[in-house]
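*Asks:* predicted model follows, preceded by the sequence.
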Amino acid sequence: MTDARLVHVVDDEEAIRRSLDFLLRTAGYRVERWACGNDFLKGVDPEQPACVLMDLRMPGMEGMDIQEEMARRGINLPLIMLTGHGDVAMAVRAMRAGAVDFLQKPFDRKVILEAVEEAFGLLADKEAQRSREEWARTQIHALTDREREVLDGLACGYPNKTIAYDLGISSRTVEVYRANLMAKLGVSNFADALRIAFAAGLGSESEWRDAHADSRAERPGSSG
């Protein structure tokens, strides 16, 4: 079935790969098997929707190493970690880093299939989210650089006075930019403007501080 959903199985144990392959194919999925993380990273198509079942403990690159490398490469596929009984703490760390679930060996057939279904549900949500992110970025392109900066500051939660200080303009000018950007975005309330800002990736306080650290340091009376 060419339209069957794809599951990547990454495990150094051949018996585990075969077992999961049989289970998933019987349930109607397509399966690609990988004996190690390096092979998976070299061969996976990041543009093809899929979910990943990955062993946490493998020779060479372990599961969390592969997870970090996936993030660096922009391979945004939902990941389910496969763990032994002593790896729960590491599995929780993997979930904090974005894994959608972890399953302990030996596996229960029903639990695996439920986890995979949930992963594909998240993938569908991610596709919808990606569409909204692209739309939001298009909306942001209509703004001038200064209007975008003001929106970024507002998304960081800063008041007009702080934004004005960091940008070297007056609070009144910030209000004018705020009114202009809301008109260009076609929104009538501040919450809708923020939703667009967040979807477009604005609102990082650390990035704001880095971008405006020099201007703060140059201000008279600033402690740096």
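*Replies:* In hand now; what should we look at?
*Asks:* and the longest helix for this protein?
*Replies:* The longest helix of the chain (DSSP state H) is helix 109-141.
*Asks:* and that one, what does it pack onto?
*Replies:* Here helix 109-141 is seen to pack against helix 14-26, strand 50-55, strand 79-83, strand 101-104, helix 190-199 when contacts are counted using 3 or more Cβ pairs under 8 Å, 6 or more residues apart in numbering; DSSP states H and E. The way it works is simple: take the backbone N, C-alpha and C, and place the C-beta from them, glycine included.
*Asks:* figure out how far whatever helix or strand comes next after that helix is from the centre of its chain.
*Replies:* Moving toward the C-terminus from helix 109-141, the next helix or strand (DSSP states H and E) is helix 145-155. Put simply, helix 145-155 sits 22 Å off its chain's centre (Cα atoms, centre = their mean, to the nearest Å).
*Asks:* which outside residues touch helix 145-155?
*Replies:* With Cβ atoms under 8 Å, 6 or more residues apart in numbering as the contact definition, helix 145-155 has outside contacts at 140, 143, 162-163, 166-167, 174, 177-178, 180-181, 184, 190, 193-194, 197-198, 202-203, 208.
*Asks:* how about 6 Å then?
*Replies:* Contacts of helix 145-155 from elsewhere in the structure, counted by Cβ atoms under 6 Å, 6 or more residues apart in numbering, are 163, 174, 177-178, 180-181, 194, 197, 202-203.
*Asks:* what residues of that helix count as buried?
*Replies:* Neighbour counts over helix 145-155 (16 or more other Cβ atoms under 10 Å) mark 147-155 as buried.
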